[in-house]
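A.B. asks: Got a sequence here, can you build the structure:
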Amino acid sequence: MSRPALTPCHDVETLYHDHHHWLQGWLQHKAGNAFDAADLAHDAFMRLLTSEPLRERGVGDQPRALLTRIAKGLVVDRWRRRQVEQAYLQAISHLPEPQVPPPETRLIIIEALLRIEAMLASLPARTRQMFLLAQIDGLTLQQIADRTATPVITVRRHIRKALLACMMAADE
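C.D. replies: Now for the predicted structure:
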């Protein structure tokens, strides 16, 4: 017997009661431990309960499908965060102890790196490529144009687009 579709006014306790244990078990399989699974399940319900679609339309007739989609996104986010954290820790591992940033500063830096990573991922591949050639490799517009067989004016447009994305990411 299927349950009726949940509405915004539906009892939140029922939603949690009916699906939390299942979601946490599913996440424990994905995350590999109960602690991360509990955190991710909590985050999934918080995201679900604070999302605009739920407030407007309700969850619909398949709350587990929606919870799974939310949870998959959270798992990917956590995986990306860990990759960025590991890369950062590796980058500072050679520093003498007095120069290692304190934990609060590390968190701020990691959050900034995550915003940069998300901004770069949101750029079209060609724009990202040209931007990284300029910023990481230090190539001039002409060198990028030669390497990518693209007119300099087009390279300039791509880099401008990427710089605007950087500024917008900084305002978030």
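
A.B. asks: which helices and strands does the helix or strand hosting residue 86 pack with?
C.D. replies: Here residue 86, judged by DSSP states H and E, is contained in helix 63-92. Other elements packing on helix 63-92 under the criterion 3 or more Cβ pairs under 8 Å, 6 or more residues apart in numbering; DSSP states H and E are helix 12-31, helix 34-50, helix 103-122. C-betas here are computed from N, CA, C, even on glycine.

A.B. asks: list the buried ones in the first one?
C.D. replies: Of the residues in helix 12-31, those buried under the neighbour-count criterion (16 or more other Cβ atoms under 10 Å) are 15, 19-20, 23-24, 26-28, 31.

A.B. asks: same thing with the second one?
C.D. replies: Of the residues in helix 34-50, those scored as buried under the neighbour-count criterion (16+ other Cβ under 10 Å) are 37, 39-41, 43-45, 48.

A.B. asks: Export the buried residues of helix 12-31 as JSON lines, with columns for distance to residue 146 and pLDDT.
C.D. replies: Conversion of the buried residues of helix 12-31 to JSON lines gives the following (distance: Cβ to Cβ, whole Å; pLDDT from 0 to 100):
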{"residue": "15", "distance to residue 146": "58", "pLDDT": "78"}
{"residue": "19", "distance to residue 146": "56", "pLDDT": "88"}
{"residue": "20", "distance to residue 146": "57", "pLDDT": "90"}
{"residue": "23", "distance to residue 146": "52", "pLDDT": "92"}
{"residue": "24", "distance to residue 146": "54", "pLDDT": "92"}
{"residue": "26", "distance to residue 146": "51", "pLDDT": "92"}
{"residue": "27", "distance to residue 146": "49", "pLDDT": "92"}
{"residue": "28", "distance to residue 146": "52", "pLDDT": "91"}
{"residue": "31", "distance to residue 146": "46", "pLDDT": "86"}
